[in-house]
Structures are given as structure tokens and as C-alpha cells.
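Trainee: this is a predicted model, with the sequence first.
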Amino acid sequence: MLAEDYMDLALRLAKSVDGQTSPNPPVGAVVVKDGRIIGMGAHLKAGTAHAEVHALEMAGDEAMGSDLYVTLEPCSHFGKTPPCADLVVEKGIKKVWIATTDPNPLVAGKGIEKMRKAGIEVEVGIGGQEAKNLYNVFFHYIQTKTPYVTIKTAITADGKTATFTGSSKWITSEQARLDVHKLRHQNDAILVGINTILKDNPLLTTRLPQGGKNPIRIVLDTHLRIPEDVHVVADSSVKTIIVCGKNASNEKEALLQNRNNLTIMRQNTETIHIPTLLEELGQLGMMTLFVEGGAEVNASFLKEQAFQKLIVYTAPKLVGGKTSPGPFGGEGMELMESALPLQFTNVEMIGPDIKITAILKKG
Ligand SMILES: Nc1c(/N=C/[C@@H](O)[C@H](O)[C@H](O)COP(=O)(O)O)[nH]c(=O)[nH]c1=O
Ligand SMILES: [Zn+2]
């Protein structure tokens, strides 16, 4: 096995816990001695042992003089657990391979410096690109303190999200809809607009055969029009936040407020200002936000350029109709040259559907 293979295993461990370590990054670690894996681990939940701790515990005394492969620079500050860089020194590791350094100013380079000072060889970079892709969410959150936003939409081959009568079930296949539930599991919060609630009465829960984490449900409802008998209000098993404007009815708020697991987040502006909302959600520790539409909500995120990733599921169907809706409403760009630049990062078939992943190009 090569160093790349051991780092690949550490990256697979990190990816396996992606979505469950918020607001911490998903990290994987592997300990190797004389070509034998003697320890491996992943950070499983914020506030619990880091990946290096699990891997070094499993290695026991054999850790002395071994190599450690870790996907993110070992921490060097006292967070909820003692610093891993100190543990690495204490265990007498010979060489540490790190896929990528940590952008967190508290940590950047300090862990590496501590280990090098103790005479440990440190090499940064193998698996680096893959690690950066895995950590783009965490790095975004650390640097902006706002959630990493993914907009997801499902369209027919002619770009419609419903027929001209509003009929939309279902556009994409069972497999594609299952894939969407994996994305829900990986996100801290899911957001829709009141029109989607009124039209679809969605559950917005994660329904995977092996179970999955339910994201916090967020509904943008400027005037608090939401009926009390819709799923997201009546089903109190999932934390739900309804965001309204400053002039929304106080009586309606009082009615809704006393339901458990339901919070009203009243903005101090008449309409909902997306960048302000994202700051508030970031302060609540939400690292990732999954926007499932509808068209008006997507349009507001587009206008503010307040998203990082776009996922489009395209079904092999045609519905036509000059008034059939598309995935982004609002006024839209006047000229093609003002189109928002994206970069396609992945295209794959999910059953009969095509899943396109794109990121918003910076700057
Ligand atoms: N119409 C479709 C979608 N529709 C997406 C939203 O409009 C739905 O209200 C929401 O996914 C329903 O959530 P649920 O109640 O938790 O299942 N999304 C998709 O991927 N494919 C579709 O064909
Ligand atoms: Zn650590």
C-alpha cells in the first residue's frame, strides 16, 4: 500500500460521517506501522473524541514510531477535548501525513508547528484536493459564520417544475427522490417558501430505508399565512422555524408560538432579507442549509447570490406549456450576459434522471 492508499482510507472514513459532526468538520484518521494498519477512526459527533483519538486509542502502545494519516490538520487548541497535536507528540508518532490544513485562524499551522518542534516529520498535501472538496462546507462556515447553502430543484427535460395546471407529482424517479433524502440527512436545515407549503403540504423529513437525521425545517412565510393543520406545523416531532416579516400578525404568532418544537423568527424588516437570515441561522450553529424551493424562494437566493451549490435533477419528460413554471421565479436577469456564472462539478445518472451539481463561481 502507498501513502495515498492510507490517506484514501482516512478520507473514506471522513466522508462516512459527513453531515453528523456539525458544527465540527468530518475527520478520518489511520495509524500504520511497518505496512500494517494498527488503528483507524472518525470524529463521530461534535463534543466527542476526535478521529485521531479513536485511531491512536485503537493502536495502543504500538503507536510509538508509527505513521498517522489524517484528513485535516490535528487541532492544537483546547476545544471540548484536549488538543490532538499534543496527543500525537505524547504517543511518539514518527511521521504525520495531513491532507489539508485548517483555515480556522485558531488552528492554522499551529498543530503542524507543535509536532515539527517535537521532531515529528509532517507532510501536507496527499489527498488534499479531495479533502478540500469535503471541507468546502466547513471552511465556508468557519470563514463566513453562515450556512453553506445548496439549492436543489427537480425539472422536466424542458425545464419545468410543474405543468401549467400546477401538477408536479412526480417529475423525478423514486431513486432520485431517495437521493434527495440523503442530501436532507446531510444538511442541518431544510428551507422552503410558504407557496410550497400551501401547494404540496410537504413533510420535509428524511425518509431513508436505514433512517437518517431530520434537518431543522425552515419556512419563509412573510405574512404568517401558514395554516395550522399542515404537516410542518402539526407534526411537532421535528424542530421547525417559521420566518416572518416585522408586520406579520401578532395573534397568528401567539397561536403558532405555543406549539412545541415550533419557533417564530420575526425579522425586523417588512420582507425577509436572506443575508440577514443566513447570519441568524449561522449563529444558531447551522453549518449547512438545503433550499428546496419553490421558485420565488429560489429567486430570492439567486438575486442575493446567497448560495454556494446548485443541484438540478432533470427527468426524461416533456410537459410544455408557455405558463408552466420553472425553478427560478422573480424578475430574473435582463440580459444573458448578466447570467450568474456557475461551474459544473459533477454530472451523473440517478436511475432514469440526470443529476447535475454546480457551484457558484466566486467573484
Ligand atoms: N415534485 C418533485 C419534487 N418536489 C419538491 C417539493 O416541491 C416537494 O414539496 C417536497 O419535496 C415534498 O417533500 P416530502 O413531503 O418530504 O416528500 N422534488 C423532487 O425531487 N422531485 C419531484 O418530482
Ligand atoms: Zn483534534
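Mentor: Structure received. Residues are numbered from 1 along each chain as shown. Ligands and ions are numbered 1, 2, ... in the order given.
Trainee: for stretch 356-363, which residues meet the burial criterion?
Mentor: 357-360 (16 or more other CB atoms under 10 Å). All C-beta spots, glycine's among them, are computed from the backbone N, C-alpha and C.
Trainee: wait, I meant stretch 70-84
Mentor: If you call a residue buried by 16+ other CB under 10 Å, then stretch 70-84 has these buried ones: 70-76, 83-84.
Trainee: give me the subset of these lying in helices.
Mentor: Cross-referencing those with the helices (criterion: DSSP state H) gives residue 84 as the overlap.
Trainee: dump the buried residues of stretch 70-84 to TSV, plus distance to ligand 2.
Mentor: Formatted as TSV, the entries for the buried residues of stretch 70-84 read as follows, by distance: CB to the ion, whole Å:
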residue	distance to ligand 2
70	9
71	12
72	9
73	9
74	5
75	3
76	8
83	6
84	3
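Trainee: returning to that earlier point: out of the buried residues of stretch 356-363, what pair is the most spread apart?
Mentor: The most widely separated members of those are 357 and 360, with 11.8 Å between them, by CB to CB.
Trainee: joint contacts of those two?
Mentor: 309-310 (CB atoms under 8 Å, 6 or more residues apart in numbering).
Trainee: so which residue is smack in the middle of this structure?
Mentor: If you average the C-alpha coordinates of the chain and look for the closest C-alpha using CA atoms, centre = their mean, you land on residue 288, 3.7 Å from that point.
Trainee: what is the nearest of the buried residues of stretch 356-363 to residue 255?
Mentor: The shortest separation between residue 255 and any of these is 38.3 Å, and it belongs to residue 360 (by CB to CB).
Trainee: tell me the bridge partners for the closest one.
Mentor: Beta bridges link residue 360 to residue 342, judged by DSSP bridges.
Trainee: go ahead and confirm it touches residue 304.
Mentor: No. With contacts defined as CB atoms under 8 Å, residue 360 does not count as touching residue 304, sitting 11.3 Å away.
Trainee: just the CA atoms of stretch 123-131, as PDB, please.
Mentor: Included here for stretch 123-131 are C-alpha records, laid out as PDB according to Å, rounded to 0.1, in the frame of the first residue of the first chain:
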ATOM      1  CA  GLU A 123       3.900  16.100   5.200                       C
ATOM      2  CA  VAL A 124       0.900  18.100   4.000                       C
ATOM      3  CA  GLY A 125      -0.900  17.600   0.700                       C
ATOM      4  CA  ILE A 126      -1.700  14.000  -0.300                       C
ATOM      5  CA  GLY A 127      -5.400  13.700  -0.800                       C
ATOM      6  CA  GLY A 128      -5.500  17.500  -0.500                       C
ATOM      7  CA  GLN A 129      -8.000  18.200  -3.300                       C
ATOM      8  CA  GLU A 130     -10.400  15.500  -2.200                       C
ATOM      9  CA  ALA A 131     -10.200  16.800   1.400                       C
END
